[in-house]
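Asks: following is a predicted model, sequence given first.
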Amino acid sequence: FMTVNNTMITTGTSAIFQLYLRVDSVEMHNNLIHRTDGSPKILDEADVVWAIGSRVVGGSNNWVNTGATLVPSEWTGTISASNPGLANLGTLDLQLASSSGAINQGGTLLLSPSGHAFPNPLSLPSKLPPQRTIEADNGAISRPVSGAIDLGAFEYGGAQPSPTPTPTPTVTATPTPTPT
């Protein structure tokens, strides 16, 4: 499988990626992986059977917490730091703050492990994900790119809609039936 330009926030001790059953190859590019209560385990492959009998992992330009474990040695360009520089994790605003070390750190050349090209991969993301809401059909906002693509799901400086507030229901009086 291939994971590209995701923002993953976790707590607890489980690995971010836990592989099971039969897997051909795994690759991860331009992701931002942050554990709020410590250092994450990235790739748990204790229960996987590799399709060709040996491990096939690749990836590039991922951000992980300092001290993360089980980080694939095949990854290139990995950034490790204690704080990913999100706008406001407390309110789940996962956009990048101006001080984020993930800005302009992504790559556009997403190389698969040798001999295991991902079949028909999608291009880099062209749209931004919605902020904690269901997006209207055809309502996606284009993902701007200024310089290199940023790590994670959001591009710094991109216009983001505020979450749509939940409408307050209108209470209407029910007429009293007239006895006949």
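Replies: Yep, it's here. Numbers count the residues shown, from 1 in each chain.

Asks: and Met8, how far is that from Trp63?
Replies: 10 Å (C-beta to C-beta, to the nearest Å). The way it works is simple: take the backbone N, C-alpha and C, and place the C-beta from them, glycine included.

Asks: so for these two, which residue has more residues nearby?
Replies: Trp63 (26 against 20; other C-beta atoms under 10 Å).

Asks: wait, that one sits on Ile79?
Replies: Yes - between Trp63 and Ile79 a contact is recorded at 4.6 Å, counting by C-beta atoms under 8 Å.

Asks: joint contacts of the two?
Replies: Residues touching both Trp63 and Ile79 (C-beta atoms under 8 Å, 6 or more residues apart in numbering) are Gly101, Ala102, Gln105, Leu151.

Asks: could you pull out the strands for the protein?
Replies: Here the chain has its strands, by DSSP state E, at 2-4, 7-10, 17-23, 26-29, 32-35, 43-50, 57-60, 63-65, 79-81, 86-88, 93-96.

Asks: kindly reformat those as CSV containing distance to Lys127 and mean pLDDT.
Replies: Output for the strands of the chain, formatted as CSV (distance: least, C-beta to C-beta, whole Å; pLDDT from 0 to 100):
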stretch, distance to Lys127, mean pLDDT
strand 2-4, 13, 91
strand 7-10, 14, 92
strand 17-23, 24, 90
strand 26-29, 17, 94
strand 32-35, 17, 94
strand 43-50, 27, 92
strand 57-60, 22, 95
strand 63-65, 21, 94
strand 79-81, 24, 94
strand 86-88, 19, 92
strand 93-96, 14, 92
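
Asks: for stretch 63-80, buried residues please.
Replies: Judged by neighbour count using 16 or more other C-beta atoms under 10 Å, the buried positions of stretch 63-80 are Trp63, Val64, Asn65, Ala68, Val71, Pro72, Glu74, Trp75, Thr78.
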